[in-house]
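Engineer: What shape does this take:
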Amino acid sequence: MHVPWRFVSSWHCSACGDCCKEYRVRLRAYEYLKLRGTGLIEEKAGRFYIKKIGKLCPFQKGNLCSLGSSKPIACKIYPFSILKKGDERALFEYEGEEFFVYVDDFCRNIRLKRDLKPSSEIIREIEEAMEVILGKRSELNLLTAKLTPETRVPQRLHRHRLMV
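Structural biologist: Numbering: from 1, shown residues only. The predicted structure follows:
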């Protein structure tokens, strides 16, 4: 269920990989073009998605993504969803524009609260998601787990498939 961001007291990514198993990843046009040669894309109602193999994302290796920093924006900003319309409780102003931000409480690391008092931690994470959405940032700091060199997935796993 997606809840307005104001009901979230905290969140962090622990690289559990559960979102990769459950989340249906919708692709933007340029992401589709980048990944179409892999054979791992499906179209439904004129929209493109990463095709699951069973319940798994084909790019998931262990609990991590083999696409690394090239993964789709929807994955980069998960569990956040940023929309142009929505519930007033989800309203988030960023650089003079109004957005409506929701958080998928499927993520085991979401901590909800009852009041609507904004959490400074969540505000910083949403700002980073906004920068990703608006193309101002490609590397993640707050929206991904801090991985050690031993836990990183080698980027070459799908490189041959990603050539356009």
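
Engineer: do you know how far Ile50 is from Ser10?
Structural biologist: With distances defined as C-beta to C-beta, to the nearest Å, the gap from Ile50 to Ser10 amounts to 28 Å. For the C-beta atoms, the positions are set from N, CA and C on the backbone; glycine is no exception.

Engineer: Looking at the two, which is more packed in?
Structural biologist: Just comparing Ile50 and Ser10: by other C-beta atoms under 10 Å the higher neighbour count belongs to Ile50, 27 against 13.

Engineer: Which parts of the protein are helices?
Structural biologist: Secondary structure of the chain by DSSP state H: the helices cover 18-22, 29-35, 73-77, 120-133, 159-162.

Engineer: just the strands in the protein please.
Structural biologist: In order along the chain, the chain carries the following strands (DSSP state E): 2-4, 8-10, 26-27, 41-44, 47-50, 60-61, 64-65, 80-83, 91-94, 97-104, 111-112.

Engineer: Reformat those strands as CSV; add distance to Leu134 and mean pLDDT.
Structural biologist: Putting the strands of the chain into CSV (distance: least, C-beta to C-beta, whole Å; pLDDT from 0 to 100) gives the following:
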stretch, distance to Leu134, mean pLDDT
strand 2-4, 21, 96
strand 8-10, 21, 95
strand 26-27, 18, 96
strand 41-44, 25, 94
strand 47-50, 21, 96
strand 60-61, 27, 92
strand 64-65, 22, 90
strand 80-83, 10, 96
strand 91-94, 8, 97
strand 97-104, 9, 97
strand 111-112, 27, 95
